[in-house]
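Enquirer: When you get a sec, could you give me coordinates for this:
(chains A and B)
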2 protein chains.
Amino acid sequence: MKNKLLVVGTMAYDALETPFGKIDRTLGGAATYIALAAKNYDLDCGLVSVIGEDFEEAHLQLLRDRAIDLSGVETIKGGKTFFWKARYHNDLNTRTTLETHLNVLEHFEPKIPKHLTTPDILLLGNLHPEVQWAALQQMQNRPKLVILDTMNFWMEHFRPKLDQVMAEVDVISINDEEARQLTEQHSLVKAAAIIQKMGPKYVIIKKGEHGALLFYNQHIFCAPALPLEEVFDPTGAGDSFAGGFAGYLTQCGSVSLSHMKSAIIHGSAMASFTVEQFGTANIEQVTPERLLQRLKAFEQLTKFEIELE
Amino acid sequence: MKNKLLVVGTMAYDALETPFGKIDRTLGGAATYIALAAKNYDLDCGLVSVIGEDFEEAHLQLLRDRAIDLSGVETIKGGKTFFWKARYHNDLNTRTTLETHLNVLEHFEPKIPKHLTTPDILLLGNLHPEVQWAALQQMQNRPKLVILDTMNFWMEHFRPKLDQVMAEVDVISINDEEARQLTEQHSLVKAAAIIQKMGPKYVIIKKGEHGALLFYNQHIFCAPALPLEEVFDPTGAGDSFAGGFAGYLTQCGSVSLSHMKSAIIHGSAMASFTVEQFGTANIEQVTPERLLQRLKAFEQLTKFEIELE
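Expert: This next block holds a predicted model:
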């Protein structure tokens, strides 16, 4: 029997503008990217989300083709799918949100089918902390690992509930600015120590083109991002990272520090695929061969020999 | 016989303000930091620079105590040593230069003693390209490796001469913003490719707290910076990096890609020492034991296992 990953997160349509092009409506959402990345590993993956009647059958089929269990995806009659429109600036490190239509997401109350309530790993994608909390409450057993993704908006407006969720998770994945905002500390080392006291033993701080840091007790692990000639579209990079990270750990069935480190590299590899094309175009096309080649590139990128005495 | 490193660069007094304190006059200059870092390796190190009569005997002694050959350091009678005053902002990633008094540096023409003109490695520290060029012309033989450090000021005002120097060197060490400025390319991968065509086969791009990248042909190596609780004073970090890099390679007597990678880690270790205290205070106190411990920390920080079947 395969190990089970449950993903709770958004499914969406995105409109994106980057210096390289423009797309009016493309498949998006945290859960979509997470599931597409995670399904490169040997596992059972269930998805909990909400969509409107406008969600295209072809996009559902795309996920079903990868054996992603969509029984936890609720379709709201007469509803419209969450829509997000953003423009990236020239350096691609910053973006402006032009439109956010929550649509069916506004009143989302996750109802998790019983057969999905015993995952080995639960990944709470970037969502309202009330939704994350509600999902957590529906677990029959405490999963082996609970991973939380969140963002500045929830920190600013729903901090007490977010604190409650954070106290219950094992891993948090946020970016550097969010870590600083959450803790009011510039030093990421100090920020991570404070976040660890809030709940998550493992703190992952994503630094975009500068890679990611993993903090666990006194250990720090530093993963680079793959230096690319061009980043085409950063949308979904963080979610793909989370999907690769969680997918690899679910496949392993282990949450040792050593596996956590490898999982960070797998997550970084998935993120590197996603940013190479618009939307989900590239993460849909990952094969075991391409993944292996990319992992080797990460090894090449970081391996060095030092004579220790 | 030991391998020989020759360093051409500034010796200075600095006035520094950081969020953690203020110091009115402290030993500084690129050549000072480079030599202090490089002397942690088994090599003969000569220094070519210029100082005024105000340069303190105790500071010369500090360098002599480390067996640094100062016969190439010219003292200008009645002259004053180069002085630089700067204030770092709260995040320590940016700084404002408050005063620059070139003093004896203004008319510096390097005269390299004959016994110093056959180094294995020549390190041209951040200086006027005319001075770097003049030093290069005085070499009796082409050194095994010539390393160039430079900065945006020289790019903006003395580009033709800088181009001439760049065409003659093997390694260039600059920061990310400078690489972008030099090439008008945002992508560091593209920028490095362009710089390689300008001369240096090896391009090192320093990213401060995000580490450093080494580009060589199609190879990329990525070294992290050591995540620190506090960066106390970033002054001299880049020079210490260059000193550790050049010092290690001089000791090795090899310039293979594999040794280059290790040298990047040694440079990063030296930079991590320097930023932990004001000015040269910490880089003066490095011991083989502390260095070994720091190298192990870098290994811990980056090592991971992936099953490449």
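Enquirer: Near residue A:56, how many residues? Count them for me, please.
Expert: 13 (other Cβ atoms under 10 Å in any protein chain shown). Every residue, glycine included, has its C-beta placed from N, CA and C.
Enquirer: Return the residues in contact with residue A:42.
Expert: A:2, A:251 (Cβ atoms under 8 Å, 6 or more residues apart in numbering or on different chains).
Enquirer: Can you pull the phi/psi pair for it?
Expert: phi -90, psi 100 (degrees, to the nearest 10).
Enquirer: Now for the residue nearest the centre of chain A: which residues touch it?
Expert: Nearest to the geometric centre of chain A sits residue A:239, at 2.7 Å (Cα atoms, centre = their mean). By Cβ under 8 Å, 6+ apart, the contact list for residue A:239 reads A:9, A:30-34, A:37, A:125-126, A:149.
Enquirer: Let's verify it: helix, strand, or coil?
Expert: Using DSSP: H, G, I helix; E, B strand; the rest coil, the structure places residue A:239 in helix.
Enquirer: what do you get for residue A:305?
Expert: Once three-state DSSP is applied, residue A:305 turns out coil.
Enquirer: Hmm, residue B:258 and it touching each other?
Expert: Yes: between residue A:305 and residue B:258 a contact is recorded at 6.3 Å, counting by Cβ atoms under 8 Å.
Enquirer: Where do the helices of the stretch 151-300 of chain A begin and end?
Expert: Using DSSP state H, counting those that start in this stretch, the helices assigned to the stretch 151-300 of chain A run over residues A:152-157, A:159-166, A:176-183, A:188-198, A:237-252, A:257-274, A:288-302.
Enquirer: which of the contacts of residue A:239 has the most neighbours?
Expert: Busiest of the contacts of residue A:239 [other Cβ under 10 Å] is residue A:34, holding 35 neighbours.
Enquirer: wait, which of the contacts of residue A:239 is closest to chain B?
Expert: Among these, residue A:37 lies closest to chain B (Cβ to the nearest Cβ), at 16.2 Å.
Enquirer: Can you tell me the closest non-neighbouring residue to the closest one?
Expert: residue A:243 (2.9 Å; Cβ to Cβ, 6 or more residues apart in numbering or on different chains).
Enquirer: I figured that neighbour hits residue A:41, correct?
Expert: No: in this structure residue A:243 lies outside contact range of residue A:41 using Cβ under 8 Å: 9.2 Å.
Enquirer: In terms of neighbours, single out the busier of those two.
Expert: Ranked by neighbour count (other Cβ under 10 Å), residue A:243 and residue A:41 place residue A:243 first, with 35 against 22.
Enquirer: OK, contacts around that one?
Expert: Residue A:243 neighbours (Cβ under 8 Å, 6+ apart): A:7, A:33-38, A:123, A:267, A:270.
Enquirer: Tell me the residues of the stretch 1-150 of chain A that contact chain B?
Expert: On the criterion Cβ under 8 Å from any Cβ of the partner chain, chain B has as its neighbours in the stretch 1-150 of chain A the residues A:90-91.
Enquirer: what's around residue A:189, how many residues?
Expert: Neighbours around residue A:189, by other Cβ under 10 Å: 16.
Enquirer: quick one, what contacts the residue in the stretch 51-200 of chain A that chain B sits nearest to?
Expert: At 4.8 Å from chain B, residue A:189 is the closest residue in the stretch 51-200 of chain A, using Cβ to the nearest Cβ. By Cβ under 8 Å, 6+ apart, residue A:189 lies in contact with A:215, A:220, B:227-229.
Enquirer: And residue A:169, by the same measure?
Expert: Per Cβ under 8 Å, 6+ apart, neighbours of residue A:169: A:124, A:146-148, A:199-200.
Enquirer: Can you identify each of the strands in chain A by residue range?
Expert: A:4-8, A:12-18, A:21-28, A:44-52, A:68-76, A:82-88, A:95-101, A:121-124, A:145-149, A:171-175, A:202-206, A:212-216, A:219-223 (DSSP state E).
Enquirer: Highest mean neighbour count out of these?
Expert: strand A:121-124 (a mean of 30; mean count of other Cβ atoms under 10 Å in any protein chain shown).
Enquirer: and the nearest residue to residue A:230 once chain neighbours are set aside, how many residues sit next to it?
Expert: Spatial nearest neighbour of residue A:230, excluding adjacent residues (Cβ to Cβ, 6+ apart): residue B:187 at 6.0 Å. By other Cβ under 10 Å, 19 other residues sit near residue B:187.
Enquirer: I'd like to know how far residue B:187 sits from residue A:228.
Expert: Note on residue B:187: its distance to residue A:228, by Cβ to Cβ, to the nearest Å, is 7 Å.
Enquirer: Residue A:301 now?
Expert: Taking Cβ to Cβ, one finds residue A:301 at 12 Å from residue A:228.
Enquirer: What of residue A:92?
Expert: In terms of Cβ to Cβ, residue A:92 sits 11 Å off from residue A:228.
Enquirer: do the same with residue A:111
Expert: Taking Cβ to Cβ, one finds residue A:111 at 40 Å from residue A:228.
Enquirer: Mind checking which of the two has more residues around it?
Expert: Taking neighbours as other Cβ under 10 Å, residue A:111 and residue A:228 compare with residue A:228 leading, 15 against 12.
Enquirer: So for the residue nearest to that one when sequence neighbours are not counted, what's the pLDDT?
Expert: Once flanking residues are discounted, residue A:228 sits nearest to residue B:189: 6.4 Å by Cβ to Cβ, 6+ apart. For residue B:189, the model assigns a pLDDT of 96.
Enquirer: same deal with residue A:89?
Expert: Reported pLDDT for residue A:89: 87.
Enquirer: give me every residue that touches the closest residue to it other than its chain neighbours.
Expert: Sequence neighbours aside, residue A:95 is the residue nearest to residue A:89 in space, at 6.6 Å (criterion: Cβ to Cβ, 6+ apart). When contacts are counted by Cβ under 8 Å, 6+ apart, residue A:95 is found next to A:86-89, A:234.
Enquirer: and if we set it to 10 Å?
Expert: A:16-18, A:86-89, A:234-235 (Cβ atoms under 10 Å, 6 or more residues apart in numbering or on different chains).
Enquirer: right, so the helices of the stretch 151-300 of chain A: which one is the most enclosed?
Expert: Buried most deeply of those, by mean count of other Cβ under 10 Å, is helix A:237-252, with a mean of 28.
Enquirer: what is the orientation angle of it with strand A:44-52?
Expert: Put simply, helix A:237-252 runs at 150 degrees to strand A:44-52, going by axes from the mean of the first three to the mean of the last three Cα atoms, to 10 degrees.
Enquirer: Put the alpha carbons of helix A:237-252 into PDB.
Expert: The C-alpha coordinates for helix A:237-252 follow below in PDB (Å, rounded to 0.1, in the frame of the first residue of the first chain):
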ATOM      1  CA  ALA A 237       7.100  28.200  -7.400                       C
ATOM      2  CA  GLY A 238       6.400  28.100  -3.700                       C
ATOM      3  CA  ASP A 239       3.500  25.600  -4.100                       C
ATOM      4  CA  SER A 240       5.500  23.400  -6.400                       C
ATOM      5  CA  PHE A 241       8.300  23.500  -3.800                       C
ATOM      6  CA  ALA A 242       5.900  22.400  -1.100                       C
ATOM      7  CA  GLY A 243       4.500  19.600  -3.400                       C
ATOM      8  CA  GLY A 244       7.900  18.200  -4.200                       C
ATOM      9  CA  PHE A 245       8.900  18.400  -0.500                       C
ATOM     10  CA  ALA A 246       5.700  16.700   0.800                       C
ATOM     11  CA  GLY A 247       5.600  14.200  -2.100                       C
ATOM     12  CA  TYR A 248       9.100  13.000  -1.600                       C
ATOM     13  CA  LEU A 249       8.600  12.600   2.200                       C
ATOM     14  CA  THR A 250       5.300  10.800   1.700                       C
ATOM     15  CA  GLN A 251       7.000   8.400  -0.700                       C
ATOM     16  CA  CYS A 252       9.900   7.800   1.800                       C
END
